[in-house]
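J.: Turn this into a model:
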Amino acid sequence: MQAKTLTLHAALLASLAAASNALAAPATSAGLTTFQNNCASCHSVDTNLSSRAGPGLFGVLGRKAAGVPGFNYSAALVKAGAAGKTWTREELDVFLADPAKNVPGTTMPVGVPDTAARAALVDYLAGLQGAVTAAAPAKAATAAERQGSWDDNQPGRIHHIKLTDMPPPFATSSAGNGPRVEARPNGSMPTVPQGFAVSVFALDADKPRVALRAPNGDIFLAATAKGEIKVARSKNGQAADKVEVFASGLSRPYGMAFWPSGANPQYLYVANVNSIVRIPYRNGDLKARGATETVVAQLSDTSGGHTTRTLAFSKDGKTMLLSIGSATNVATEIGPQPPEPIAQWEAKHGLGASWGVETDRATVMAFDVDGKNRRTYATGLRNCVGMLVYPATGDVMCTVNERDALGDNLPPDYLTRVKQGGFYGWPWYYIGDNEDPRLQGQRPDLKGKSIVPDVLIQSHSAPLGMAVYHAPKGAKHAFPKEYEGDVFVALHGSWNRGVRTGYKVVRVFMKNGVPTGQYQDFMSGMVLSDRDVWGRPAAVEVAADGALLVVDDAGGAVWRIAPQR
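T.: Numbering: from 1, shown residues only. Predicted structure coming up:
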């Protein structure tokens with residue numbers, strides 16, 4: 001019975017893909033490329049209007065704004081739709097140029113400012129016309145289906161997901177359940193454990209996504225959608241006195257790292273969506289002191305799909321590490337064979353490396369500090385968003401967003417130590433030797449070679465930034481000693497789960513520099529209902545005074561958590 005179900009799912013996926021490709025045929029290749037590079041990680045083009053993090057875009061021309069039934073649009077877009085906003089070519093062009101300017105309050109994070117690329121994208125979307133079928137309405141969740149969901153969150157609660165807890169593929173249907181982001185209710189604050197207090201460290205309408213502490217205590221923030229790096233300075237440590245633009249004109253900046261480490265770095269390295277740059281820096285600078293220098297001009301042939309790139313330097317400071325997420329969900333389009341014999345391909349790109357649009361994607365790459373001597377460090381990591389080097393051991397660690405559309409509770413996301421030369425399964429296997437049924441039989445040679453990750457996290461929680469807790473020397477607001485060496489992880493929250501999960505910060509327990517497999521809820525309370533949320537943790541950092549800072553890229557806030565005195 002299970003085999004028959006898998007066959008039906010595979011047939012359905014194949015038919016949808018074929019229909020989508022056929023209907024998209026008139027579109028220009030430039031428009032398709034722009035869609036893949038800018039939209040495909042959030043939007044589908046299936047004829048049944050299925051959604052990902054954003055609504056399906058098939059037949060979008062002529063549709064009223066906020067017009068896909070059952071999708072959790074932002075209040076701003078709902079209001080625009082109610083006022084009559086309809087997606088004509090002209091309306092799409094204006095909206096895509098700068099979504100936040102056209103519809104203030106929209107949750108659309110990134111626009112397409114280039115005029116030619118935007119025109120090609122609109123042409124591509126205009127070609128996606130034909131009969132559509134509305135997705136079936138979601139069914140009410142049972143008590144069992146609510147386990148692990150947002151209303152199970154509670155600071156102090158410990159989780160330990162094991163391999164034996166994983167259900168079979170397609171045990172539940174796949175959901176398109178993106179959150180509707182509301183304004184933070186008056187007086188609402190995140191929930192933290194007893195003995196801690198939470199407050200606002202900074203507010204920024206540009207909704208930064210990543211935080212990095214400078215040696216002098218300044219907090220650098222990557223305003224990805226704005227193309228800027230900002231810096232927040234606080235005299236008393238309690239709240240930022242100002243947030244200034246440090247550098248601008250960047251291309252979706254995300255990962256940041258100072259080099260060399262220590263009190264006197266010379267550069268701030270920044271990972272753009274498809275390049276690495278560095279900016280001259282001296283401790284205490286509030287403005288870039290020199291021109292941006294390109295260190296790596298191109299990271300991969302494709303830049304669509306997952307666009308977050310994370311930077312870290314090895315413990316000895318001689319190696320620059322960069323994570324590059326996959327271009328697609330599970331690489332069903334690349335075919336069963338690379339363009340040359342597998343042994344030759346893997347000799348160049350690493351064990352289990354993908355090809356086609358996925359060449360050098362779903363990887364951690366390594367470079368010398370000057371950007372030269374490029375090599376593959378590890379493969380099969382679908383989307384390593386959080387990456388760091390654990391100070392005590394020098395181990396590279398990743399938080400990974402695993403694949404979608406296998407069900408509400410499959411596969412788990414995870415945190416893991418990343419071994420040099422290691423293969424972590426994507427796209428053919430997940431969590432060890434579990435074969436993805438959508439690619440069944442394609443790579444039997446990889447069975448037994450996929451490394452099982454250290455900590456399994458509730459499926460679709462979307463772990464992003466993480467930080468090791470070490471209280472800086474002389475910290476006045478240090479956490480209790482038992483937190484030393486543990487890892488805090490921001491769970492951005494689900495869209496591919498029937499009942500949402502994540503939207504919290506968790507503490508991953510470590511013992512002698514090794515994850516124990518357990519994690520604990522630490523900060524939650526940002527979900528209002530099964531539909532609505534008011535915050536999404538995206539990154540964490542330890543402040544100079546020992547407080548924990550949490551970047552909320554939905555609410556545009558940086559939260560500060562410190563022990564009560």
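J.: if I pick the residue lying closest to residue 418 once chain neighbours are set aside, what's in contact with it?
T.: Among residues not flanking residue 418 along the chain, residue 396 sits closest, at 4.3 Å (CB to CB, 6 or more residues apart in numbering). Bear in mind the C-beta positions are built from the backbone N, C-alpha and C, glycine included. Contacts for residue 396 (CB atoms under 8 Å, 6 or more residues apart in numbering) come out as 312, 314, 321, 364, 377-378, 387-390, 417-418, 420.
J.: ok, for residue 298, nearest residue in space, not its chain neighbours?
T.: That would be residue 274: by CB to CB, 6+ apart, it lies 6.0 Å from residue 298.
J.: State the distance from the one you found to residue 321.
T.: 17 Å (CB to CB, to the nearest Å).
J.: Name all residues that make contact with residue 508.
T.: Counted by CB under 8 Å, 6+ apart, residue 508 has contacts 415, 455, 466, 486-489, 515, 518-519.
J.: For it, name its beta-bridge partners.
T.: residue 487, residue 519 (DSSP bridges).
J.: do you know how far it is from residue 520?
T.: 8 Å.
J.: Now do the phi/psi pair for the closest residue to residue 497 other than its chain neighbours.
T.: Closest residue to residue 497 apart from its sequence neighbours, by CB to CB, 6+ apart: residue 460 at 4.3 Å. Dihedral pair for residue 460: phi 70, psi 20, per degrees, to the nearest 10.
J.: How about residue 92?
T.: Taking degrees, to the nearest 10 as the convention, residue 92 sits at phi -60, psi -40.
J.: From what I see, it and residue 125 are in contact.
T.: Yes - judged on CB atoms under 8 Å, residue 92 makes contact with residue 125 at a distance of 6.8 Å.
J.: so what sits against both of those two?
T.: Counting by CB under 8 Å, 6+ apart, the residues touching both residue 92 and residue 125 are 60-61.
J.: quick one: which of these two has more around it?
T.: Using other CB atoms under 10 Å as the criterion, residue 92 and residue 125 rank with residue 125 on top: 26 against 20.
J.: How about residue 157: what's its closest non-neighbour residue?
T.: Sequence neighbours aside, residue 521 is the residue nearest to residue 157 in space, at 4.7 Å (criterion: CB to CB, 6+ apart).
J.: secondary structure element for that neighbour?
T.: Assigned by DSSP states H and E, residue 521 falls within strand 514-523.
J.: do the same with residue 116
T.: Using DSSP H and E, residue 116 falls in helix 115-126.
J.: Please write out the alpha-carbon positions of that helix in PDB.
T.: The C-alpha trace of helix 115-126 is given here as PDB (Å, rounded to 0.1, in the frame of the first residue of the first chain):
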ATOM      1  CA  THR A 115      14.600  47.200 -15.400                       C
ATOM      2  CA  ALA A 116      15.500  44.600 -18.000                       C
ATOM      3  CA  ALA A 117      15.400  41.700 -15.600                       C
ATOM      4  CA  ARG A 118      12.000  42.900 -14.200                       C
ATOM      5  CA  ALA A 119      10.500  43.200 -17.700                       C
ATOM      6  CA  ALA A 120      11.700  39.600 -18.600                       C
ATOM      7  CA  LEU A 121      10.200  38.300 -15.300                       C
ATOM      8  CA  VAL A 122       6.800  40.000 -16.100                       C
ATOM      9  CA  ASP A 123       6.900  38.400 -19.600                       C
ATOM     10  CA  TYR A 124       7.500  35.000 -18.000                       C
ATOM     11  CA  LEU A 125       4.600  35.400 -15.600                       C
ATOM     12  CA  ALA A 126       2.400  36.600 -18.400                       C
END
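J.: What is that helix packed up against?
T.: helix 29-38, helix 89-97 (3 or more CB pairs under 8 Å, 6 or more residues apart in numbering; DSSP states H and E).
J.: What residues does residue 163 make contact with?
T.: 431-432, 452, 456.
J.: For it, give its distance to residue 410.
T.: Applying CB to CB to residue 163 and residue 410 gives a distance of 12 Å.
J.: again with residue 189
T.: 34 Å.
J.: In the stretch 301-450 of the chain, mark out all the helices, start to finish.
T.: 342-349 (DSSP state H, counting those that start in this stretch).
J.: Pull the residues that contact the helix holding residue 116.
T.: Contact with helix 115-126 is made by 24, 27-28, 30-35, 38-39, 57, 60-61, 89, 92-93, 96-97, 112, as judged by CB under 8 Å, 6+ apart.
J.: The stretch 51-200 of the chain: helices as residue ranges?
T.: Per DSSP H, counting those that start in this stretch, the stretch 51-200 of the chain has helices spanning 75-82, 89-97, 99-102, 115-126. These are given in chain order.
J.: Pick the most buried one from those.
T.: helix 115-126 (a mean of 19; mean count of other CB atoms under 10 Å).
J.: Now do that one: distance to the chain's middle.
T.: With CA atoms, centre = their mean, to the nearest Å as the basis, helix 115-126 stands 26 Å off its chain's centre.
J.: quick one: it to helix 89-97, angle?
T.: Using axes from the mean of the first three to the mean of the last three CA atoms, to 10 degrees, the direction of helix 115-126 lies 130 degrees away from that of helix 89-97.
J.: Format the helices of the stretch 51-200 of the chain as JSON lines; extra columns: mean pLDDT.
T.: Listed next are the helices of the stretch 51-200 of the chain as JSON lines, based on pLDDT from 0 to 100:
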{"stretch": "helix 75-82", "mean pLDDT": "86"}
{"stretch": "helix 89-97", "mean pLDDT": "92"}
{"stretch": "helix 99-102", "mean pLDDT": "85"}
{"stretch": "helix 115-126", "mean pLDDT": "91"}
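J.: Nearest to residue 400, out of the ones you listed?
T.: Minimum separation from residue 400 across the helices of the stretch 51-200 of the chain (CB to CB) falls at helix 99-102, 28.2 Å.
J.: Can you pull out the residues in contact with the closest one?
T.: 94-95, 106, 108-111, 225.
J.: Render the CA-only coordinates of that helix in CSV, please.
T.: Taking C-alpha atoms only, helix 99-102 is exported to CSV below (Å, rounded to 0.1, in the frame of the first residue of the first chain):
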residue,chain,number,x,y,z
PRO,A,99,7.7,46.0,-3.0
ALA,A,100,8.0,47.8,0.4
LYS,A,101,7.6,51.2,-1.2
ASN,A,102,4.7,50.2,-3.4
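J.: circling back to that earlier point, just the buried ones among the contacts of helix 115-126, please.
T.: 24, 27, 31-35, 38-39, 57, 60-61, 92-93, 96, 112 (16 or more other CB atoms under 10 Å).
J.: What score does residue 188 have for pLDDT?
T.: Looking at residue 188, its pLDDT stands at 91.
J.: next one: the one 10 residues further on
T.: Residue 198 is assigned 98 on the pLDDT scale.
J.: what's the answer for residue 105, then?
T.: So, for residue 105, pLDDT stands at 77.
J.: So what's the gap between stretch 364-384 and the chain middle?
T.: That offset, for stretch 364-384, works out to 18 Å (CA atoms, centre = their mean).
J.: Please report the distance of the residue nearest to residue 418 from residue 411.
T.: 21 Å.
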